[in-house]
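*Asks:* Build me a model from this:
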Amino acid sequence: MGLREWLGKLTGRADPTPPQPVAPVVPAPPTEADILRALDQVVAMVGGGAVPAPVSSRVKRVAETVRQTMPRLRNLGLGSPEAYSVMATATDYLPEAIRGYTRLPRQWADSRPIENGKTSLMLLIDQLDLLGATMDEIFDAVVRVDADALIAHGRFLQQKFGHASTGGSLNLSDQPAPQPRSNLDLP
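*Replies:* Have a look, this model is predicted:
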């Protein structure tokens with residue numbers, strides 16, 4: 001309580017200016033550099049034998065897929081659910097899964113069933129496999145946009161200039177393939 005409010009209460013006069021509401025501070029979304037830094041941190045978390053090899057290899061696979069996806073996220077729109085999933089995987093889902101596992105004693109986490117007969121290690125591997133499959137699907141979707149553009153361009157060229165190239169042929173018979181003639185082989 002400030003001096004003004006205290007004097008107002010003491011004299012019976014309320015402050016004529018009501019307090020202004022404070023706008024909540026919303027943090028800026030992470031940049032591509034922030035996301036890549038988060039990936040570096042999570043890969044460092046699993047390095048040096050901190051986790052079993054199957055965990056480390058899965059984390060590295062997810063991180064690499066996210067890295068490959070980042071430059072193409074604009075293909076889906078930066079505000080898309082897929083873009084959010086990529087960002088959240090790098091900055092939240094993946095690191096939290098690793099932190100949850102590494103907080104447990106290693107022997108206990110790797111040997112004691114905790115849910116449906118699965119150990120913490122098995123549950124973590126399931127989570128990493130789910131993240132990996134999801135990131136693969138998103139990567140396929142962002143690359144598909146470029147592939148579709150290539151197909152559309154090919155159709156345009158075909159329509160504009162005629163038939164497409166046959167792409168060559170394979171000689172699978174026992175006959176020797178004809179040798180190409182050069183300009184020097186004049187009859």
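*Asks:* Pull stretch 68-75 out as PDB, backbone CA atoms only.
*Replies:* What follows is stretch 68-75, C-alpha atoms only, in PDB (Å, rounded to 0.1, in the frame of the first residue of the first chain):
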ATOM      1  CA  GLN A  68      16.100 -30.900 -41.200                       C
ATOM      2  CA  THR A  69      12.600 -29.700 -40.800                       C
ATOM      3  CA  MET A  70      13.300 -26.200 -39.400                       C
ATOM      4  CA  PRO A  71      14.300 -24.500 -42.700                       C
ATOM      5  CA  ARG A  72      11.100 -25.800 -44.400                       C
ATOM      6  CA  LEU A  73       8.500 -25.000 -41.700                       C
ATOM      7  CA  ARG A  74       7.400 -22.000 -43.600                       C
ATOM      8  CA  ASN A  75       6.000 -24.400 -46.200                       C
END
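*Asks:* next one: it to chain centre, how far?
*Replies:* Relative to its chain's centre, stretch 68-75 lies at 9 Å (C-alpha atoms, centre = their mean, to the nearest Å).
*Asks:* which outside residues touch that stretch?
*Replies:* 32, 35-36, 80, 82-83, 86, 135, 138-139, 142-143, 145-146 (C-beta atoms under 8 Å, 6 or more residues apart in numbering). For every residue, glycine as well, the C-beta is placed using N, CA and C.
*Asks:* Go again with 7 Å.
*Replies:* 32, 35-36, 83, 86, 135, 138-139, 142-143, 145-146 (C-beta atoms under 7 Å, 6 or more residues apart in numbering).
*Asks:* Of those, grab the buried ones for PyMOL.
*Replies:* In PyMOL, a selection of the buried entries from the contacts of stretch 68-75 looks like this (16 or more other C-beta atoms under 10 Å):
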select buried, resi 35+36+83+86+135+138+139+142
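*Asks:* Any buried residues in stretch 118-136, and which?
*Replies:* 119-125, 127-128, 131-132, 134-135.
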